[in-house]
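# sequence unavailable; structure follows:
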């Protein structure tokens, strides 16, 4: 989600391109790397947030694809293409899976369409996550997604860019009401840690983009109101159904989480 126009502006930082840089991508400009370097230099270890989030998303899509009959995905605020995009993970396990990516960043749209032009089961919709009706009514969404059948709605690292007055809960509620029983909702979100690291990271995003809202576990869970939050609940992303289990964590992979890994939570919910 950005406030940029229809053309790529290399003079203003983009949330999507900063994420891309932090994840090791090359689709970014000097202005994006400058912001990314604030995290790398002044908040050492903070890049783990981006990697922990992406890994949890990959696990969630794989889980849905391999343990349920859901074969439709809507990825809201999808960001720039990276390795293991939603359609790549889903179609690896269920080739018939259909995916609609939604973003407003012009570079996301350009690169996304180039990546997906040969994939008949995938579309990129230019729309703002804060305007769900426009997304729902878009011809590509209508063509690809059958709302009479269960769908997986992905809110990966997007709702924390929606300020309180923009009512992120209403966005989730809209999709909950549109989706039939048996649908799934994945959310990952910046988690307030009540520590200097949280305060500094939040300040960087607010000063740069005018948005970026850390929320408590209770606030994140409230975004999923009316849905059944599945085990293990809303937890730090690295602890959300990890591939490696170790007794030193309740659910984890052999080491203690860093302070940064505690600052991104993930959860999966189901509509009964």
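Ah, there it is. Note that the structure is predicted; figures quoted are calculated from it, not measured.
# list the residues that contact the closest residue to residue 179 other than its chain neighbours.
Leaving aside its chain neighbours, residue 179 sits nearest to residue 151 (5.2 Å; criterion: CB to CB, 6 or more residues apart in numbering). Where you see a C-beta, it was placed from the backbone N, CA and C, and this is true even at glycine. Contacts for residue 151 were tallied using CB atoms under 8 Å, 6 or more residues apart in numbering; they are 70, 72, 73, 74, 145, 179, 180, 183, 184.
# show me the contacts for the last one.
Counting by CB under 8 Å, 6+ apart, residue 184 touches 64, 68, 70, 150, 151, 152, 153, 268, 269, 270, 271.
# how about the strands of the stretch 51-200 of the chain, start to end?
All strands of the stretch 51-200 of the chain, identified by DSSP state E, counting those that start in this stretch, fall at 72-76, 98-103, 122-126, 152-156, 184-190.
# what is the least confident helix or strand in the chain?
helix 106-116 (a mean of 73; mean pLDDT, DSSP states H and E).
# one step back: drop anything exposed from the contacts of residue 151.
By neighbour count, with 16 or more other CB atoms under 10 Å, the contacts of residue 151 hold 70, 72, 73, 74, 145, 179, 183, 184 as buried.
# how near is the second one to residue 102?
Here residue 72 is placed at a distance of 14 Å from residue 102 (CB to CB, to the nearest Å).
# what is the burial count for the residue lying closest to residue 124 once chain neighbours are set aside?
Closest residue to residue 124 apart from its sequence neighbours, by CB to CB, 6+ apart: residue 112 at 4.1 Å. Neighbours of residue 112 under the rule other CB atoms under 10 Å: 24.
# so residue 112 sits against residue 78, correct?
Yes. Using CB atoms under 8 Å, residue 112 is in contact with residue 78, at 7.2 Å.
# let me see the confidence value for the nearest residue to residue 107 once chain neighbours are set aside.
Leaving aside its chain neighbours, residue 107 sits nearest to residue 8 (4.9 Å; criterion: CB to CB, 6+ apart). The score at residue 8 is 73. That number is its pLDDT.
# can you pull the contacts of residue 8?
106, 107, 110.
# do me a favour and get the end-to-end distance for stretch 183-195?
36 Å (CA to CA, to the nearest Å).
# I should have written stretch 35-50 there, sorry.
Start to finish, the residues bounding stretch 35-50 are 14 Å apart (CA to CA).
# so where's the stretch 101-250 of the chain shaky on pLDDT?
115, 210, 244-250 (pLDDT under 70).
# list phi and psi for residue 216.
With angles defined as degrees, to the nearest 10, residue 216 sits at phi -80, psi 170.
# residue 166 versus that one, what's the distance?
From residue 216 to residue 166 the distance is 18 Å (CB to CB).
# same check, this time on residue 239
In terms of CB to CB, residue 239 sits 29 Å off from residue 166.
# so the two - more neighbours on which side?
residue 239 (21 against 15).
# these two touch, right, the more buried one and residue 257?
Yes. Counting by CB under 8 Å, residue 239 does reach residue 257; the two are 7.2 Å apart.
# of the contacts of residue 8, keep whichever come out buried.
For the contacts of residue 8, buried by 16+ other CB under 10 Å: 106, 107.
# what's the least confident helix or strand of the chain packed up against?
Judged by 3 or more CB pairs under 8 Å, 6 or more residues apart in numbering; DSSP states H and E, helix 106-116 is in contact with helix 15-22, strand 98-103, strand 122-126.
# done for today, thanks.
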